[in-house]
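K.L.:
got a predicted structure plus its sequence, pasted below:
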Amino acid sequence: MPPSSAEEPILSDLAKVDSYELTDEDYDEIPELTDEMIARANLYVNGRLVRPVVSNVPPEPAVAPVTHRTRKAG
């Protein structure tokens, strides 16, 4: 997804965001970046896409698919 454009309004409370103090717990929640993650990323420089992801492998789903079976009553 490309970065936001300057024409779109910012819907966040930026004063609240700016006043937030990061703690060690906040950093513990951030996963380590792997070489595979970086290889799957689009590269933007100054808001312009300079290296799109090119892959024949679809990205992994965020959650595993779930199958649900029901039986007829009676």
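P.N.:
Nice, thanks for sending it over.
K.L.:
for burial, what's the neighbour tally of Val54?
P.N.:
5 (other CB atoms under 10 Å). Quick note: C-beta positions are derived from backbone N, CA and C, even for glycine.
K.L.:
with Asn42 instead?
P.N.:
Residues lying near Asn42 (other CB under 10 Å) number 11.
K.L.:
next one: Asp13
P.N.:
9.
K.L.:
and what of Arg40?
P.N.:
Neighbour count of Arg40, defined by other CB under 10 Å: 13.
K.L.:
ok, now Ala6?
P.N.:
By the criterion of other CB under 10 Å, Ala6 has 7 neighbours.
K.L.:
distance check, Met37 against Ile30.
P.N.:
From Met37 across to Ile30, the span is 12 Å (CB to CB, to the nearest Å).
K.L.:
out of these two, which sits in the busier spot?
P.N.:
With neighbours defined as other CB under 10 Å, Met37 and Ile30 compare such that Met37 has more, 10 against 7.
K.L.:
check contacts around the more buried one.
P.N.:
Residues in contact with Met37 (CB atoms under 8 Å, 6 or more residues apart in numbering): none are found.
K.L.:
quick one, phi/psi of the nearest residue to Val50 once chain neighbours are set aside?
P.N.:
Nearest non-adjacent residue to Val50, counting by CB to CB, 6 or more residues apart in numbering: Leu43, 5.3 Å away. The phi and psi torsions at Leu43 (degrees, to the nearest 10) take the values phi -110, psi 120.
K.L.:
give me the pLDDT value at Leu43.
P.N.:
Predicted confidence (pLDDT) for Leu43: 86.
K.L.:
go on, Ser19?
P.N.:
At Ser19, the model reports a pLDDT of 95.
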